[in-house]
Structure formats: structure tokens, C-alpha cells
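Okay, predicted coordinates and the sequence, questions at the end:
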Amino acid sequence: MPDARPQTQPATWRIVLAAIFDFLMAFFIFGFVLASIFGGRTDGGFKLTGMPALLLFVLIIAYFIIFNRYLGGTIWKRILRAQRP
């Protein structure tokens, strides 16, 4: 028997908030990892320039693509229940 529940879209604020949190989380996690590898750690966090900075943004884009396409949604989309049905 097919599911008779109506398919509802998540609220826009949940999608936007999840995207912001996902970006910040990926930025800081990947940033610290790359800064540790390439020597860009500072007392206040990290500073990346040149190729490590470009690699950081490539990893952030890859995070969004891989999680949304292959894993059913990003971490914060799952936490905030902002996945589209």
C-alpha cells in the first residue's frame, strides 16, 4: 500500500540555516586540518593563502556535493530536518 501521508517541503528558514551551519562547520574543520598540514595555524586559529586556501574551498564544495547527492543530505540538514522529500 503506498504511503498516504502528504509530502511537505521543509521550511525555508531550516534550509538556509542548515546551509549556513554546514558552510561554517566545513570551513573551520577543513581549515584547521589544512592549516595543520600546510603550516598555517596561528594563535587565533588559522590563516591560509594561495593553494591551501583554494584547496579549502574545493573541499567545501565537495562536501556539499557529496553529502547532498550521495549521502541523502548534509549533516546540518539532517539535524534540522531540512531535507526535501
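Nice, thanks for sending it over.

Endpoints of stretch 34-47, how far apart?
10 Å (C-alpha to C-alpha, to the nearest Å).

let's number from 653 now, not from 1
In the new count, where the first residue is 653, that last one comes out as stretch 686-699.

buried sites along that stretch?
Leu686, Ala687, Phe690, Gly692, Arg693, Phe698 (16 or more other C-beta atoms under 10 Å). In short, each C-beta sits where N, CA and C put it, glycine included.

got it, and stretch 659-677?
Quick answer for stretch 659-677 (16+ other C-beta under 10 Å): Arg666, Ile667, Leu669, Ala670, Phe673, Asp674.

what would these look like in JSON lines with distance to Thr660, pLDDT and secondary structure?
Formatted as JSON lines, the buried residues of stretch 659-677 follow (distance: C-beta to C-beta, whole Å; pLDDT from 0 to 100; DSSP: H, G, I helix; E, B strand; the rest coil):
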{"residue": "Arg666", "distance to Thr660": "12", "pLDDT": "92", "secondary structure": "helix"}
{"residue": "Ile667", "distance to Thr660": "13", "pLDDT": "91", "secondary structure": "helix"}
{"residue": "Leu669", "distance to Thr660": "18", "pLDDT": "95", "secondary structure": "helix"}
{"residue": "Ala670", "distance to Thr660": "16", "pLDDT": "95", "secondary structure": "helix"}
{"residue": "Phe673", "distance to Thr660": "22", "pLDDT": "97", "secondary structure": "helix"}
{"residue": "Asp674", "distance to Thr660": "22", "pLDDT": "97", "secondary structure": "helix"}
